[in-house]
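*Asks:* Predicted model and sequence below, questions to follow.
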Amino acid sequence: ACAPPHPSTAPTSALVGALVGAVLGWGGAQAKGWYVDYDLQTRLFLDRTYLFVSPNRIQRQGDPDSPLPLVFEGQFAPNLFLPQLRRGDFKEDGRETLFSLVFTPNIRLRLMNTDSNPILPPSYLPKLTLQAAHLRLLHGPDKDGAPRMLAVGLNVIVGHYSNGEDGCFFANQTGKDPNCEPAEGTLPLNEITGSFSTNLLRFEAHTRLGFGVDPHKLSAWLVGASAFYELNSAIGPGGMSPAQRHVYGNGHWGV
């Protein structure tokens, strides 16, 4: 006998998910086994859309008015989920494991307090993220109290990072990229119209500890940590040039 469809899945999607699960041997769409989910989206370890005012001053080499006061910084990062592979139900079982494939057309903007050309070259960071995550409720000695939650995640990201400009990379060069004179430019960088782009491979590890968890509203106070390691690549359109690699480096890491 087949188990009932997952309650968060629309009837048609539940039927398709159950058929896919049966074909792949995952046991259909049932709460205790693996199932394909089309509706629930776990954004816990993904980019967020934001807009905030900042008193910071931004230094740009080659700009006679620098440093300039920053009015606001914004990021537009809609996370577009493909069907997820999920096991368990956090609301019902207090634990779940999921695998997601997410496309994020990330764009960042900065607006400066200046009369002319107030918007800095935007950053374009479209990327594809393979996310693995596990969420679990942690009950303390007081069974009637608000539980805690542990969440861990791993992201593997393939993406592109550029500013959409076509000027020369160094300030002492003239022309447009890649036809710049002199060919061997020197610092400082052209931070106003200089072209920058790289393709990247990035690994992220995340952990979160939640307090005062409401499993049904999916709300909690969170503390946590993250670490990443990123490699820059010259492979493919928009790959990193040797001159940019010499200044920017082969990759980055951080916590």
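*Replies:* Perfect, I can see it now.
*Asks:* Contacts only, for the spatially most central residue of the chain.
*Replies:* When C-alpha atoms, centre = their mean is applied to the chain, the residue found nearest the centroid is Asp47 (3.8 Å). Contact partners of Asp47, counting by C-beta atoms under 8 Å, 6 or more residues apart in numbering, are 75, 77, 79, 104, 106. The C-beta positions use only the backbone N, C-alpha and C, and glycine is treated the same way.
*Asks:* and Pro242, what are its phi and psi?
*Replies:* As for Pro242, its main-chain torsions (degrees, to the nearest 10) stand at phi -60, psi -40.
*Asks:* what kind of secondary structure is the residue nearest to the centre of the chain in?
*Replies:* Using DSSP: H, G, I helix; E, B strand; the rest coil, the three-state assignment for Asp47 comes out as coil.
*Asks:* pLDDT at it, what is it?
*Replies:* At Asp47 the predicted local distance difference test score is 94.
*Asks:* Quick check: closest non-adjacent residue to it.
*Replies:* If you skip the residues right next to it in sequence, Asp47 has Ala77 as its closest partner in space, 3.9 Å away by C-beta to C-beta, 6 or more residues apart in numbering.
*Asks:* Now render the contacts of Asp47 as a markdown table, adding secondary structure and neighbour count.
*Replies:* Below are the contacts of Asp47 laid out as a markdown table (DSSP: H, G, I helix; E, B strand; the rest coil; neighbours: other C-beta atoms under 10 Å):
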| residue | secondary structure | neighbour count |
| --- | --- | --- |
| Gln75 | strand | 16 |
| Ala77 | coil | 17 |
| Asn79 | coil | 19 |
| Thr104 | strand | 20 |
| Asn106 | strand | 20 |
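*Asks:* can the residues you listed go into CSV with extra columns for distance to Tyr161?
*Replies:* As requested, the contacts of Asp47 are exported to CSV (distance: C-beta to C-beta, whole Å):
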residue, distance to Tyr161
Gln75, 13
Ala77, 13
Asn79, 17
Thr104, 12
Asn106, 9
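*Asks:* biggest separation within these, which pair?
*Replies:* The most widely separated members of the contacts of Asp47, counting by C-beta to C-beta, are Gln75 and Asn79 (12.1 Å).
*Asks:* Brilliant, that's me finished.
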